[in-house]
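Enquirer: What follows is a predicted protein model with its sequence.
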Amino acid sequence: MRGATAIIKKELRSYFSSPIAYVVLGVFLFVMGVIFAKFVALYQQFNTAQQFGQAQGITLDKLATYLYQNMAFILCFVTPFLTMRLFSEEKRQNTLELLLTTPIKEFEIVLGKFFSAYALMLIMLSLSAIYVFFMVLWGNPELKIIGSTYLGLALALACYVSLGALISAMTSSQAIAAVWTFIALLFLWLLQSLGQGVSASWGPIQWGPTLVYLSPLGHFNSFTEGLVHIKDVVYFLSFTLFTLFLTHRVVESNRWR
């Protein structure tokens, strides 16, 4: 795996030697800061209502769920800007063919590109842990639920990055890769709502439950409730591995062009 390690180091240097990593990190922290300010306002309302016996079932954990569900959605916007250049830039500069002639194997290239973007996303996610610090200061949140939520976010990010890598490998335009990655991620999120209104079936396949299962939203929501189901973990890992497999095949096809 030395080839993959070399690719990871190269990509991380590329990220931090250009403005892209700092701009994306800055935008993410700014947007999440605005959402967190709304979180604080809601929490103050919760405290006031609780003093008068009108909390209406609102808890700090429910407000935290609101915060992290918004974070998962915001990451759908952020991911395309970090994955768009993974392969499309190599193809635009005609360096992908050169990279394929090196002793580094195709799967090492794919894994190196994937883990470099994923590592940057995890750094971004770790910076949001400051919100946990404030929640602990304000009250007594369920740390197990927050821990499971971060696990869900990390698994969801693996899906986001792998899908972005696949789309980047299919085009030489960074702009096209970014747009289609965002569209694909948004479509996956909307499958949850679309599936709930579908009652059609095709043989043994019930389209409604199938569409709901294909959406990452329902699987992620289980983590925000403190529930770590094997089926949800399997979904995220299977999605990631399958898209990485497709990316490998797309990259491999460039050797024969």
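Expert: Noted; the coordinates are in hand. Numbers count the residues shown, from 1 in each chain.

Enquirer: Go through the longest helix anywhere in the chain and flag the buried ones.
Expert: Identified as the longest helix of the chain according to DSSP state H is helix 19-51. Under the neighbour-count criterion of 16 or more other CB atoms under 10 Å, helix 19-51 has 20, 21, 24, 25, 28, 32, 35, 36, 39, 43, 46 buried. C-beta: built from backbone N, CA, C; applies to glycine.

Enquirer: could you redo the residues you listed as TSV and give each row distance to residue 169 and pLDDT?
Expert: Formatted as TSV, the buried residues of helix 19-51 follow (distance: CB to CB, whole Å; pLDDT from 0 to 100):
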residue	distance to residue 169	pLDDT
20	19	83
21	21	84
24	20	87
25	24	88
28	24	89
32	29	86
35	32	84
36	35	81
39	37	77
43	43	70
46	46	70
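
Enquirer: Could you point out which of those is nearest to residue 80?
Expert: Residue 80 has its nearest neighbour among those in residue 24, at 9.9 Å by CB to CB.

Enquirer: does that closest one really touch residue 77, like I thought?
Expert: No - at 9.8 Å, residue 24 and residue 77 do not qualify as touching, with contact defined as CB atoms under 8 Å.

Enquirer: List the buried residues in the helix or strand encompassing residue 72.
Expert: Assigning secondary structure by DSSP states H and E places residue 72 in helix 60-83. By 16+ other CB under 10 Å, the buried positions in helix 60-83 come out as 60-61, 63-65, 67-68, 70-72, 75-83.

Enquirer: For the chain, which segments are assigned as strands?
Expert: Using DSSP state E, the strands of the chain run over residues 201-202, 205-206.

Enquirer: where does this protein dip in pLDDT?
Expert: 47, 49-61, 194-209, 255-257 (pLDDT under 70).

Enquirer: Repeat the analysis, applying 90 as the threshold.
Expert: Along the chain, segments meeting pLDDT under 90 span 1-74, 76-77, 82, 85-110, 124-125, 127-147, 149, 171-174, 187-229, 250-257.

Enquirer: Among the buried residues of helix 19-51, give me the pair with the biggest separation.
Expert: Farthest pair in the buried residues of helix 19-51, by CB to CB: 20 and 46, 38.2 Å.

Enquirer: so residue 65 makes contact with residue 224?
Expert: Yes - look at residue 65 against residue 224 with CB under 8 Å: they come within range, at 4.6 Å.

Enquirer: Now do the shared contacts for the two.
Expert: Counting by CB atoms under 8 Å, 6 or more residues apart in numbering, the residues touching both residue 65 and residue 224 are residue 149.

Enquirer: Give me the number of neighbouring residues for residue 143.
Expert: 11 (other CB atoms under 10 Å).
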